[in-house]
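*Asks:* What follows is a protein structure lacking sequence information:
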């Protein structure tokens, strides 16, 4: 019985609140079910050709497709970032990576791009970071001498490359620690990983989205670097070396513009 409401009768706002709560619950359940159904449908489209037929065939216009792509990327990225915060998996992955004596990064096919991005960012701030590219550094070379203080960060997304899974399995069997970055908690790498970072790749395109994977890679490198005691010193030393070696363009390298270049037709001050 509500206080101040004779005979337990509801006040004018009570029915509205109940309706609002019911509507909110129903909307939440419906949204959750819709999201679950969409994810399930996305997993069924397991090849680029299948996704092209389902998503791009008969698209009305480029403008409509662009709007759909942008909206889907926003939804996927937002959902992934929320899941990272809730799960804490990225924090655990960063802790394992920074604590390791040697860090290896692996990915095949499209995932090699993600592995390269992570290895490049990590190597700027941490020592002993190695990209396993099977050209300069081969998987066989790495597996020959795995130590229990080593960590392998492996990227693997559907349609999961056999090589990545096999190397990761052997790495763990030899005593190393695996951090898996993949698109499903039941993905092949997850069975061998100490930490599995799950990244949704839902897209309105024929290609699974790289947006959230790139963002996850960025977060992992930032969290790992922030936990490294020697990162600031190493970064400062690299900056000095970059200047000494003249690696980057500076103001003196700026191209001179003639009349009409850049739209103004005016020459920069000091340009003969």
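*Replies:* Yes, it's here. Please read all numbers here as calculations on a predicted model, not as lab measurements.
*Asks:* C-alpha only now, for contacts and for neighbours.
*Replies:* Will do.
*Asks:* Need the three-state assignment for residue 247.
*Replies:* With DSSP: H, G, I helix; E, B strand; the rest coil as the basis, the three-state label of residue 247 is coil.
*Asks:* Now it, what are its backbone angles?
*Replies:* phi -70, psi -30 (degrees, to the nearest 10).
*Asks:* same question, residue 104
*Replies:* Here residue 104 shows phi and psi, under degrees, to the nearest 10, equal to phi -110, psi 140.
*Asks:* Would you agree it is in contact with residue 130?
*Replies:* Yes: counting by CA atoms under 8 Å, residue 104 touches residue 130, with 4.8 Å between them.
*Asks:* Quick one: the strands in the chain, in order.
*Replies:* With strands called from DSSP state E, the chain shows them at 102-107, 129-132, 150-156, 177-182, 195-198.
*Asks:* Contacts made by the second one with the rest, please.
*Replies:* The reference is to strand 129-132. The contact list for strand 129-132 (CA atoms under 8 Å, 6 or more residues apart in numbering) reads 102-107, 115-116, 119, 122-123, 137-139, 142.
*Asks:* In its sheet, which strands sit next to that strand, and in what direction?
*Replies:* Strand 129-132 pairs in its sheet with strand 102-107 (parallel), by DSSP bridges.
*Asks:* how far is the strand it pairs with from where the chain is centred?
*Replies:* In terms of CA atoms, centre = their mean, to the nearest Å, the centre of strand 102-107 is set 16 Å apart from its chain centre.
*Asks:* From the contacts of strand 129-132, list just the buried residues.
*Replies:* Listed as buried from the contacts of strand 129-132 are 102-107, 115-116, 119, 122-123, 139, 142; burial here means 16 or more other CA atoms under 10 Å.
*Asks:* Quick one: those residues as JSON lines, columns for distance to residue 178 too.
*Replies:* As requested, the buried ones among the contacts of strand 129-132 are exported to JSON lines (distance: CA to CA, whole Å):
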{"residue": "102", "distance to residue 178": "12"}
{"residue": "103", "distance to residue 178": "10"}
{"residue": "104", "distance to residue 178": "10"}
{"residue": "105", "distance to residue 178": "10"}
{"residue": "106", "distance to residue 178": "11"}
{"residue": "107", "distance to residue 178": "13"}
{"residue": "115", "distance to residue 178": "14"}
{"residue": "116", "distance to residue 178": "17"}
{"residue": "119", "distance to residue 178": "15"}
{"residue": "122", "distance to residue 178": "16"}
{"residue": "123", "distance to residue 178": "18"}
{"residue": "139", "distance to residue 178": "14"}
{"residue": "142", "distance to residue 178": "13"}
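*Asks:* Least confident of those residues?
*Replies:* Across the buried ones among the contacts of strand 129-132, the smallest pLDDT goes to residue 123, namely 92.
*Asks:* Quick check: phi and psi on residue 147?
*Replies:* Main-chain torsions, residue 147, degrees, to the nearest 10: phi -110, psi 160.
*Asks:* Let's see the pLDDT reported for it.
*Replies:* 97.
*Asks:* quick one: contacts for it?
*Replies:* Taking CA under 8 Å, 6+ apart as the test, what residue 147 contacts is 174, 175, 176.
*Asks:* One more: residue 149?
*Replies:* 100, 101, 102, 176, 177.
*Asks:* Now the buried members of those.
*Replies:* For these, a burial check counting by 16+ other CA under 10 Å picks out 100, 102, 176, 177.
*Asks:* Spatially nearest residue to the residue positioned nearest the centre of the chain (excluding sequence neighbours)?
*Replies:* With distances taken as CA atoms, centre = their mean, the residue of the chain nearest its centroid is residue 213 (2.2 Å). In space, and not counting its chain neighbours, residue 213 is closest to residue 199: 6.3 Å by CA to CA, 6 or more residues apart in numbering.
*Asks:* correct me, but the one you found touches residue 185?
*Replies:* No: if you go by CA under 8 Å, residue 199 and residue 185 don't touch, sitting 9.3 Å apart.
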